[in-house]
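1. Predicted model and sequence below, questions to follow.
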Amino acid sequence: MLLPQEILETQRMIRDQHLDIRTITMGISLRDCCHPDPDECCRLIYNKITALAANLVDVAQEISFKYGIPIINKRIAVTPIALVAESCRLDSYLPLAQTLDRAAGELGINFIGGFSALVHKGFTRGDRILFNSLPESLAGTQRVCASVNLASTRSGINMDAVAEMGRILKKTAALTGDKNGLGCAKLVVFANAPEDNPFMAGAFHGTGEGESVINVGVSGPGVVAAALRQAEGKDFGVVSETIKKAAFKITRMGELVAREASARLGVPFGIVDLSLAPTPARGDSVAHILEEMGLERCGAHGSTAALALLNDAVKKGGAMASSYVGGLSGAFIPVSEDAGMIRAAAEGALTLEKLEAMTCVCSVGLDMIALPGDTPASTLAAIIADEAAIGVINNKTTAVRIIPVPGKKVGDMAEFGGLLGRAPVMGVKNYSSETFIARGGRIPAPLNALRN
Amino acid sequence: MKAFITVIGRDRIGIIAEISAALAENRINILDINQTVMAETFTMIMMVDISLSEKPFSELQTLLDELGEQLKLSIQIQHEDIFNSMHRI
């Protein structure tokens, strides 16, 4: 028999500590939608997505009522579009992005991810067309999210792709200049991208996945922060244990919802991704967890150690709670989406260099960071190269989602709206990386790639 | 199918009577009740069987929301599995 305090604890997590199912993401393979005729290819894609995901939003709503837990986002991830569209005779993949956007609108889902290319070793013709289509596709659609994987531990870093991404970010920001470069917020640049991540903007349906799959993302920074308040003054063993227990409970709920969604939709269950994903709401911040551990501000010396402990304890708790934990699982540190990070950045406690160090131990990378609008493309590319190097050498996923905000300077505030929040523009080094980036080619795979 | 109904709010006469009547009207059987009042805050947890109720969860929750509004209480119904999965291995 359940104890009253257990029932009330669950309710407090949901009511006061912002516990929610952050996303139910349906992965859909589009590999059978390839067709030389672009119109036919778009028709096949639209029909497949709208047929398979027809009940996604309704099912999420029913589950939400049954368990009394909010399900914030309903999303779809598809096969990287470069793989599907390569069969078409097209010079731009904008029509495919528009098709995805239309399907997402018809279904009433929040985002559709997978306008993507995997170029960690080189480009095919389709990859190049997708790259060139990114700025206008991100500017011309509402719900489409894009990602590229340009480095991996096994293959090294594709520096031609890195250089190109610097220019693409500039173009995308310029085309969405009236919205503070919002297009860049829908574009993630990965190293070692996971194929089953349910979170946006980096979700896509990997080539090793089945026909369709249900992946669920759970969050809950507020629950962890509240649990830690009970451990005030205790040593780090207790801190880790407290976080593990909270992570376990959160993940169990994710597994329950994932299995139920999978059964109701008749689609196999893939993974639960336990990622502490902050929102701009009060009490839903990863920065506040680090501060709860005893740091005056997120970004103070000790922040990397605190984040390392947090990320590791979250994984340990999550791994015990579900047999299939996957995706990115850990702690996100998106600056604009986290009230504590926004404050720390605005006060100067949190800088780009400290964030880069923190990405060595968080689950992803440099996320939702606003940079000056006049940052050169080569500097943006060099930031991407640094982050990819961290991922490649350390066998982990890293990602870059940065926004060079047109017309803004260091210290200005850039508003992105909704869950994307707002970010103070951070300074970059004023020394040039131009000649470095201009070399091109491929940084070879590191020694730790030779594991066979 | 079992569910938990939680009622939280300011204590006054007749809360249990009014909620039980609404449950009976909707063919919901009460299996267990745990109720306390601390610092004038009324907290009640009911385990109920909703197998005989013809209404789906969404409708039951809407109905309890309306009742809660009338009685100035927060009333929530949740399937027991969310608590079992979180607190029992």
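-> Sure, I can see it.

2. Can stretch A:49-69 be said to contact chain B?
-> Yes: under the criterion of CB under 8 Å from any CB of the partner chain, chain B is reached by stretch A:49-69 at A:61, A:62, A:65, A:66, A:67, A:68, A:69. Every C-beta, even on glycine, is put in place using the N, C-alpha and C of the backbone.

3. Can you mark which positions in that stretch are buried?
-> By neighbour count on 16 or more other CB atoms under 10 Å in any protein chain shown, the buried set for stretch A:49-69 is A:49, A:52-53, A:56, A:59-60, A:62-69.

4. Next: stretch A:313-332.
-> For stretch A:313-332, using 16+ other CB under 10 Å, the buried residues are A:313-319, A:321-322, A:325-332.

5. Run through the neighbouring helices and strands of the helix or strand harbouring residue B:45.
-> In this structure, residue B:45 sits in strand B:41-49 according to DSSP states H and E. Counting contacts by 3 or more CB pairs under 8 Å, 6 or more residues apart in numbering or on different chains; DSSP states H and E, strand B:41-49 is packed against helix A:4-15, strand B:2-10, helix B:15-25, strand B:29-38.

6. Residue A:170 is nearest to which of those?
-> Closest to residue A:170 of the helices and strands packed on strand B:41-49, according to CB to CB: helix A:4-15, at 42.4 Å.

7. quick one: the closest one to strand B:29-38, angle?
-> Counting by axes from the mean of the first three to the mean of the last three CA atoms, to 10 degrees, helix A:4-15 points 80 degrees away from the direction of strand B:29-38.

8. Show me what helix A:4-15 is packed against.
-> Looks like helix A:4-15 contacts helix A:221-229, helix A:236-265, strand B:2-10, strand B:41-49, helix B:81-87 (3+ CB pairs under 8 Å, 6+ apart).

9. Now with 7 Å, please.
-> Under the contact criterion of 3 or more CB pairs under 7 Å, 6 or more residues apart in numbering or on different chains; DSSP states H and E, helix A:4-15 touches strand B:2-10, helix B:81-87.

10. so can I have TSV of these showing mean pLDDT and mean neighbour count?
-> What follows is these, written out as TSV (pLDDT from 0 to 100; neighbours: other CB atoms under 10 Å in any protein chain shown):
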stretch	mean pLDDT	mean neighbour count
strand B:2-10	95	19
helix B:81-87	95	19
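
11. Need the ones you listed in JSON lines (columns: distance to residue B:24).
-> Listed next are the helices and strands packed on helix A:4-15 as JSON lines, based on distance: least, CB to CB, whole Å:
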{"stretch": "strand B:2-10", "distance to residue B:24": "13"}
{"stretch": "helix B:81-87", "distance to residue B:24": "24"}
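
12. would you list the ones you listed in a markdown table and tack on distance to chain A?
-> Formatted as a markdown table, the helices and strands packed on helix A:4-15 follow (distance: least, CB to the nearest CB, whole Å):
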| stretch | distance to chain A |
| --- | --- |
| strand B:2-10 | 6 |
| helix B:81-87 | 4 |
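
13. Where does the record place the domain boundaries for chain A?
-> Per the record, chain A has its domains at A:27-191, A:216-441, by automatic domain parsing.

14. Reformat those domains as JSON lines; add mean pLDDT.
-> Output for the domains of chain A, formatted as JSON lines (pLDDT from 0 to 100):
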{"stretch": "domain A:27-191", "mean pLDDT": "97"}
{"stretch": "domain A:216-441", "mean pLDDT": "95"}
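
15. which stretch among those domains comes nearest residue B:30?
-> Here domain A:27-191 is closest among these (CB to CB), at 18.4 Å.

16. what's the span of that closest one, first residue to last?
-> 20 Å (CA to CA, to the nearest Å).

17. surely residue A:406 meets residue A:174?
-> Yes: look at residue A:406 against residue A:174 with CB atoms under 7 Å: they come within range, at 6.1 Å.

18. Give me the more crowded residue out of those two.
-> Legend: neighbour count by other CB atoms under 10 Å in any protein chain shown for residue A:406 and residue A:174, higher for residue A:406 (19 against 15).

19. check contacts around the more buried one.
-> A:173, A:174, A:177, A:181, A:373 (CB atoms under 7 Å, 6 or more residues apart in numbering or on different chains).

20. Closest one to chain B out of the residues you listed, please.
-> Comparing these against chain B with CB to the nearest CB places residue A:181 closest, at 40.1 Å.

21. residue contacts, that closest one?
-> By CB under 7 Å, 6+ apart, the contact set of residue A:181 is A:173, A:403, A:404, A:405, A:406.

22. Now find how far off-centre the helix or strand hosting the third one is within its chain.
-> Secondary-structure element containing residue A:404, defined by DSSP H and E: strand A:398-405. Computed by CA atoms, centre = their mean, to the nearest Å, the chain-centroid distance of strand A:398-405 equals 11 Å.

23. likewise stretch A:281-298?
-> With CA atoms, centre = their mean, you get 20 Å for stretch A:281-298.
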